[in-house]
Structure formats: C-alpha cells, structure tokens
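*Asks:* fold the stuff below for me.
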Amino acid sequence: MLHAVERGVHEVAVGTQSVRLPVVPLSDELALALLITVDMGVAFMDRAGAELAELLRPHDIEIVATVATMGIPVAIEVTRHLGLDQYVILHKTPKIHLADALSESVRSITTDAQQRLLFDRARIGDVHGRRVAIVDDVISTGASTGAALRLLRRIGAQVVAIGTLVTEGSIWRDSLGPDADLVTALGSIPVFRPDDAGSLREDWRG
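*Replies:* Numbering: from 1, shown residues only. Below you'll find the model as predicted:
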C-alpha cells in the first residue's frame with residue numbers, strides 16, 4: 001500500500017531505535033530517505049551496532065567487511081560488539097596504498113558514474129579462508145553488496161552473512177539472487193515516487 005510522505009520526512013525503526021529520515025529527490029521520478037551514518041551520533045551507532053552484532057553472532061563471524069564510506073561506522077561497532085578487533089574496508093576512492101589493489105566494478109543508486117571497489121592486497125590474509133560478514137548502512141539495489149560478494153569470494157573469503165541497518169525497497173533481492181537469503185536487517189524503508197497530486201508516496205518495490 002502507498003502512503004504519502006509527511007513533510008518530506010520518513011520515520012523508520014532501526015532495531016529498537018526510531019529515527020526520522022529526510023526524503024531527498026534523486027530525480028523527477030525518484031526520492032530516497034537518507035540514513036547518513038556519520039551524522040547519526042555515537043549513541044545511535046553503538047546501539048545499532050550491538051543489535052546487528054547479536055543478529056550476526058550465530059554465524060561465528062571471524063572478520064567483518066564493509067564498503068566505504070558510510071558502512072565504516074557500522075563495521076566498527078559490529079566488530080566491537082562481536083568481540084573482534086580487525087575489520088576490512090572495500091574502498092571506492094583510489095589511495096596511495098591501493099595502487100595494486102584488487103578491484104570489482106560497481107554502480108550504486110546514488111552515484112551516476114561507474115565506480116570500482118578496491119581491496120588492499122596486504123589484507124588478503126585477513127579474509128582468505130575465514131568466515132566473513134559483510135555489513136553496510138543501507139542495501140538498496142544490491143549493486144554494492146553484490147560487488148563486495150564477488151570481490152571477497154575471489155580472494156577466498158567465506159561470506160556467511162550480510163548485515164545492514166536498513167534495506168531499501170526490494171529490488172536488491174533480485175540483484176543478489178540466492179545470496180539475498182544471507183541478508184539480515186534492523187529495519188526497512190521504501191523508495192518514493194511522485195503521484196498525480198504532486199505528493200511523494202512509498203514504493204516498496206523500488
């Protein structure tokens with residue numbers, strides 16, 4: 001069922017926490033509710049990380065991986081609450097230590113240009129043959145998550161779980177295929193489409 005957006009804000013439960021997210025137009029046909037982890041505060045991320053870690057704990061995670069940059073606060077908190085010390089980052093921005101990085105192409109819903117996920121070869125030993133959880137802030141189209149899966153599996157990681165604060169719409173299920181069953185989320189949000197009256201309404205398909 002479609003519901004009108006109230007004053008450009010969408011309220012969502014993220015685990016036991018409730019947050020009001022701004023709804024921002026991406027194009028004339030699409031608007032998104034933005035969950036910006038670096039703006040959510042320490043207390044929010046600590047609690048969300050603890051709750052997501054508890055959902056992932058049965059998978060006997062050995063190391064956490066995430067996609068830069070909004071996934072980094074999630075990775076830090078989930079790692080800490082799982083009692084682990086190390087996590088790995090799949091970067092989208094070239095850096096001096098990534099000159100010889102392994103890479104995988106990706107295009108996200110909020111980025112026009114094709115990008116590449118980059119993995120530091122020096123960290124291969126941290127994931128090869130180990131039980132890995134990919135965590136992120138939002139899973140939307142599934143493009144970034146799918147690219148992370150492909151890249152980590154290429155270097156011998158055993159990806160046993162995917163955790164996210166929220167899923168967005170549902171097309172990520174088609175994108176990930178059978179790997180969609182690995183996804184655990186603290187909440188879910190729709191995308192938003194304009195209606196004939198000029199309002200934005202929820203679209204749970206995406």
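
*Asks:* could you point out the longest strand in this protein?
*Replies:* When every strand of the chain is counted residue by residue (DSSP state E), the longest turns out to be strand 158-168.

*Asks:* residues of the helix or strand that that one is followed by that come out buried?
*Replies:* Using DSSP states H and E, the helix or strand that follows strand 158-168 towards the C-terminus is helix 171-176. When burial is assessed from 16 or more other CB atoms under 10 Å, helix 171-176 yields the following buried residues: Ile171, Trp172, Arg173, Ser175, Leu176. From N, CA and C alone the C-beta is placed, and that goes for glycine too.

*Asks:* ranges for the helices of this protein?
*Replies:* 42-56, 72-81, 124-127, 143-154, 171-176 (DSSP state H).

*Asks:* rebuild those as a markdown table, extending it with mean pLDDT.
*Replies:* Output for these, formatted as a markdown table (pLDDT from 0 to 100):
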| stretch | mean pLDDT |
| --- | --- |
| helix 42-56 | 98 |
| helix 72-81 | 98 |
| helix 124-127 | 98 |
| helix 143-154 | 97 |
| helix 171-176 | 96 |
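
*Asks:* which one of those lies nearest to Pro94?
*Replies:* Shortest distance between Pro94 and the helices of the chain, using CB to CB, is found for helix 143-154: 15.3 Å.

*Asks:* can I get the longest strand of the chain in PDB, CA atoms only?
*Replies:* Extracted in PDB, the C-alpha atoms of strand 158-168 (Å, rounded to 0.1, in the frame of the first residue of the first chain):
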ATOM      1  CA  GLN A 158      33.700 -17.500   3.100                       C
ATOM      2  CA  VAL A 159      30.900 -14.900   3.200                       C
ATOM      3  CA  VAL A 160      28.400 -16.400   5.700                       C
ATOM      4  CA  ALA A 161      26.200 -13.300   6.500                       C
ATOM      5  CA  ILE A 162      25.300  -9.900   5.200                       C
ATOM      6  CA  GLY A 163      24.100  -7.300   7.800                       C
ATOM      7  CA  THR A 164      22.600  -3.900   7.300                       C
ATOM      8  CA  LEU A 165      20.900  -1.200   9.300                       C
ATOM      9  CA  VAL A 166      18.100  -1.000   6.700                       C
ATOM     10  CA  THR A 167      17.100  -2.400   3.400                       C
ATOM     11  CA  GLU A 168      15.500   0.000   0.800                       C
END
